[in-house]
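[1] The sequence and its predicted three-dimensional model are supplied below.
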Amino acid sequence: MSSSVPKRIGRYDLVTPMLPCKDEILQRFERFLMSGQYILGEEVRLLEEKLAEECGVPAAVGVASGSSALFLALSVAGVRPGDEVITTPYTFDATMEAIILLDAVPVFVDIKPQDLNLDSGLLADAITPKTRAFLPVPIFGAPCDMDPIMAVAAEHGIQVIADMAQAWGTFYDGRPIGSYARMSTLSFYPTKNLPGIGDGGMIFCRSAEDAELIRRIRGHLPVRMNGHLYTGWNSRLDEVQAMVIRIRRERFAAEQADRDKVAEIYDGYIPATNRLQTPNGGRGMKVTYHQYWVRCRNRDDLRMLLDREGIDTGVYYDPPLHHHELAVYCRTSGSMAEAERAGREVLTLPIHAALPFADAHRIGALVGQFLEQEAASTSA
Ligand SMILES: Cc1ncc(COP(=O)(O)O)c(C=O)c1O
């Protein structure tokens, strides 16, 4: 007997995009198993080379996770106890945790309503003599304002480290987002657009020297930097993860085209003021759509409506990190009004390579109708 109840639409589908890769993964796993080269073998090396090339940087180093990548990049950038790192409060906890683990102070500046990324116009006012680094986060895969960020950093002699955990495939002004900062960190967590089947991360380095320091630290070798002796540690990217990621990378462009199509469908139903607007009117920008978000005043009502229709949605960073329990270790610079508003109003819709376009049309139509009614009731 066939059921007429439509299948629930999940926010992610981690398995379906894996299916075309399954046979190759199993074959390569068997080869790997018999090779005996279980740690830092060919898979990690080839992945590092390929992704560095695609990111437009001379070197990339595979590490244990996106969180480890942040910690190591900030260490190599010379962030020391008491230093300040200016970042966004509208991000995942790991961005803040890595700074706190170094006994440094996360300093939050507010975000822009158009793209939910840190507002580069607020950076200069947040700088103090203790500021060591800027840490922009292209959230949900939308490019940050890299030119203004790099310009303020250069003017004040401050490093930039980018947390591009959610932004593989994102471009700013025609260049991969990971090619701007001194180091940029990536996560291969299974929900990310270029995923592993476990934890993993990578650091993209604009200098071979930084890459060499990270290679030493991730493999238990001590290093001396800026007059300080740092201990090594185990933070290696696993061979099995690297193997799976290399196979998934071959399908990344096709999967991205499917995500782009879903985003285009949603854009057709959702007014521009309720969704992402990229910097420079979108010229030279490429959004990787780790998440697709919509903003509305009655966000929770919209969420309930979609839930009743069998559609899962996401709420992120509500409240933002300056309200986190660890905020006692942080500082804010100015108002956080836009980050708080984003926490209250932003809802993410399902977007992934296996989402049928018909489902995207149904979701887009429901959201568009809700927003229309909301706008009408406001103006009445
Ligand atoms: C913005 C951001 N930074 C850092 C991380 C940490 O990555 P991982 O889970 O690989 O440690 C994540 C993961 O979700 C993230 O979204």
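    Done, it's in. Numbering: from 1, shown residues only.

[2] per-residue confidence at the residue nearest to the spatial centre of the chain?
    Closest to where the C-alpha atoms of the chain average out (Cα atoms, centre = their mean) is Q166, at 1.9 Å. pLDDT recorded at Q166 is 98.

[3] Okay, and V61 sits in which element?
    Counting by DSSP states H and E, the element that carries V61 is strand 59-63.

[4] Which other helices and strands does that strand contact?
    Where contact means 3 or more Cβ pairs under 8 Å, 6 or more residues apart in numbering; DSSP states H and E, strand 59-63 is packed against helix 42-55, strand 201-205, helix 208-218. From N, CA and C alone the C-beta is placed, and that goes for glycine too.

[5] Setting aside sequence neighbours, what's the nearest residue to the residue in the chain positioned nearest to the ligand?
    Minimum separation of the chain from the ligand (Cβ to the nearest ligand atom) falls at G66, amounting to 2.5 Å. Excluding the flanking residues, the one nearest G66 by Cβ to Cβ, 6 or more residues apart in numbering is S187, at 2.6 Å.

[6] Across the sheet, point out what pairs with that neighbour.
    G201 (DSSP bridges).

[7] Pull the contacting residues for it.
    Counting by Cβ atoms under 8 Å, 6 or more residues apart in numbering, S187 makes contact with S65, G66, S67, A69, A165, Q166, G200, G201.

[8] Now secondary structure and distance to E345 too, for those residues, in a markdown table please.
    Formatted as a markdown table, the contacts of S187 follow (DSSP: H, G, I helix; E, B strand; the rest coil; distance: Cβ to Cβ, whole Å):
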| residue | secondary structure | distance to E345 |
| --- | --- | --- |
| S65 | coil | 30 |
| G66 | helix | 26 |
| S67 | helix | 28 |
| A69 | helix | 30 |
| A165 | coil | 23 |
| Q166 | coil | 19 |
| G200 | coil | 33 |
| G201 | strand | 30 |
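
[9] Which of these ranks first by neighbour count?
    Most neighbours among those, by other Cβ atoms under 10 Å: A69, with 34 neighbours.

[10] in terms of contact, does E374 touch V294 like I think?
    No. The pair E374 / V294 is not scored as a contact, 11.2 Å apart, by Cβ atoms under 8 Å.

[11] So between those two, which is more surrounded?
    Each of E374 and V294 has its neighbours counted (other Cβ under 10 Å); V294 has more, 25 against 16.

[12] Just the element for the more buried one, please.
    strand 292-295.

[13] And the contacts of that strand?
    If you take Cβ under 8 Å, 6+ apart as the criterion, strand 292-295 is touched by 113, 116, 140, 262-263, 266, 270, 274-276, 302, 342, 345-349, 351, 367, 371.

[14] mind saving the C-alpha coords of the longest helix anywhere in the chain as PDB?
    The single longest helix within the chain, with elements called by DSSP state H, is helix 357-379. Extracted in PDB, the C-alpha atoms of helix 357-379 (Å, rounded to 0.1, in the frame of the first residue of the first chain):
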ATOM      1  CA  PHE A 357      14.000  21.300  -7.600                       C
ATOM      2  CA  ALA A 358      10.200  20.600  -7.200                       C
ATOM      3  CA  ASP A 359      10.700  20.700  -3.500                       C
ATOM      4  CA  ALA A 360      12.700  23.900  -3.700                       C
ATOM      5  CA  HIS A 361       9.700  25.500  -5.700                       C
ATOM      6  CA  ARG A 362       7.300  24.300  -3.000                       C
ATOM      7  CA  ILE A 363       9.400  25.700  -0.200                       C
ATOM      8  CA  GLY A 364      10.100  29.000  -2.000                       C
ATOM      9  CA  ALA A 365       6.300  29.400  -2.700                       C
ATOM     10  CA  LEU A 366       5.400  28.900   0.900                       C
ATOM     11  CA  VAL A 367       8.100  31.300   2.200                       C
ATOM     12  CA  GLY A 368       7.200  33.900  -0.500                       C
ATOM     13  CA  GLN A 369       3.500  33.800   0.400                       C
ATOM     14  CA  PHE A 370       4.300  34.100   4.100                       C
ATOM     15  CA  LEU A 371       6.500  37.100   3.500                       C
ATOM     16  CA  GLU A 372       3.900  38.700   1.300                       C
ATOM     17  CA  GLN A 373       1.300  38.400   4.100                       C
ATOM     18  CA  GLU A 374       3.700  39.700   6.700                       C
ATOM     19  CA  ALA A 375       4.500  42.800   4.500                       C
ATOM     20  CA  ALA A 376       0.700  43.400   3.900                       C
ATOM     21  CA  SER A 377      -0.100  43.200   7.600                       C
ATOM     22  CA  THR A 378       2.700  45.700   8.400                       C
ATOM     23  CA  SER A 379       1.500  48.200   5.800                       C
END
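
[15] Tell me the residues of the protein that contact the ligand?
    Residues of the chain lying close to the ligand by Cβ under 6 Å from any ligand atom are 65-67, 91-92, 94-95, 137, 163, 165-166, 187, 189, 199, 201.

[16] neighbours around G282, how many?
    For G282, the count of nearby residues is 12 (other Cβ under 10 Å).

[17] Local confidence estimate at it?
    For G282, the pLDDT comes out at 85.

[18] Please work out which of the helices and strands packed on strand 59-63 is packed deepest.
    Of all the helices and strands packed on strand 59-63, strand 201-205 has the most neighbours on average by mean count of other Cβ atoms under 10 Å, namely a mean of 30.

[19] between that one and helix 208-218, how many degrees?
    If you take axes from the mean of the first three to the mean of the last three Cα atoms, to 10 degrees, strand 201-205 sits at 150 degrees to helix 208-218.

[20] contact partners of strand 201-205?
    So strand 201-205 is in contact with 47-48, 51-52, 55, 57-69, 72-73, 164-165, 178-179, 182-188, 211, 214, 237, going by Cβ under 8 Å, 6+ apart.
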